[in-house]
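Q: the sequence isn't on hand, but the structure is:
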């Protein structure tokens, strides 16, 4: 009780270690509910890389699993990463749900906050598959399909072609049946809105 009274009289928090306050969540004068975040804090040298893992692979990822990352600014070497957190909340795009996985990057004095990179976690391999952009994938009651470019003008809007899917990531999915290498698929303009793809 004495500690709480002191905190009320002098409302300040002291960290046990050095670090960076990346975000102050609480607003001045606003009440917080029990369990709500006050601020976001990263301990010194705690560098985290967040990646998206799709629903087909997320159950193969475990906390403590190791992988490799290549940072854009430090492209000369690969850095070891370890899975530290798997978000239970997913985001859905084109019928595929992706989950955020946090990876702790091995310490390196050259690391700086905000650096971007690419991480590799091996959860499976797919051979002899066609790689398809998620923006080209559609779904109905019978399953997943694409609009494959037809051979003549009467099929200008594409031929509805059902496909079987394999491994995928945040941008692409492996098609195991229904398409062959060299097939051209059509993408609705609405599916491309808000993306960086051409």
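A: The structure has been received and is ready for your questions. Everything numeric here is computed off the predicted structure, so don't read it as measured data.
Q: what about the nearest residue to residue 24 once chain neighbours are set aside, neighbour count?
A: What sits nearest to residue 24 in space, not counting adjacent residues and going by Cβ to Cβ, 6 or more residues apart in numbering, is residue 39, at 5.0 Å. In short, each C-beta sits where N, CA and C put it, glycine included. Counted with other Cβ atoms under 10 Å, the neighbours of residue 39 add up to 11.
Q: give me the phi and psi angles of residue 39.
A: Residue 39 adopts backbone torsions of phi -160, psi 170, taken as degrees, to the nearest 10.
Q: what distance do you get for it to residue 102?
A: Look at residue 39 and residue 102: by Cβ to Cβ, to the nearest Å, they are 18 Å apart.
Q: which of the three states applies to the residue nearest to the spatial centre of the chain?
A: The centroid of the chain falls nearest to residue 52 when counting by Cα atoms, centre = their mean (1.5 Å). Classification of residue 52 using DSSP: H, G, I helix; E, B strand; the rest coil returns strand.
Q: ok, which stretches of this structure are strands?
A: 19-24, 39-43, 48-54, 66-71, 79-93, 96-105, 117-120, 130-133, 138-140, 143-148, 159-162, 164-168, 172-177, 185-186 (DSSP state E).
Q: turn those into CSV, columns for distance to residue 7.
A: Listed next are the strands of the chain as CSV, based on distance: least, Cβ to Cβ, whole Å:
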stretch, distance to residue 7
strand 19-24, 18
strand 39-43, 15
strand 48-54, 29
strand 66-71, 40
strand 79-93, 29
strand 96-105, 30
strand 117-120, 40
strand 130-133, 53
strand 138-140, 53
strand 143-148, 55
strand 159-162, 62
strand 164-168, 49
strand 172-177, 51
strand 185-186, 61
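Q: which one of the ones you listed lies nearest to residue 8?
A: In terms of Cβ to Cβ, the element of these nearest to residue 8 is strand 39-43, at 18.5 Å.
Q: nearest spatial neighbour of residue 179, skipping sequence neighbours?
A: In space, and not counting its chain neighbours, residue 179 is closest to residue 130: 4.6 Å by Cβ to Cβ, 6+ apart.
Q: contacting residues for that neighbour?
A: 174-175, 179-181, 183 (Cβ atoms under 8 Å, 6 or more residues apart in numbering).
Q: Produce a ChimeraX select command limited to the buried residues of the residues you listed.
A: This is the ChimeraX syntax for the buried subset of these, where burial follows 16 or more other Cβ atoms under 10 Å:
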select :174,175,179
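Q: give me the low-pLDDT residue ranges for this protein?
A: Along the chain, segments meeting pLDDT under 70 span 18-20, 22, 41-46, 107, 123-126, 151-156, 169-170, 188-198.
Q: pretty sure residue 96 sits against residue 53.
A: No: contact criterion Cβ atoms under 8 Å: residue 96 and residue 53 do not qualify, at 10.9 Å.
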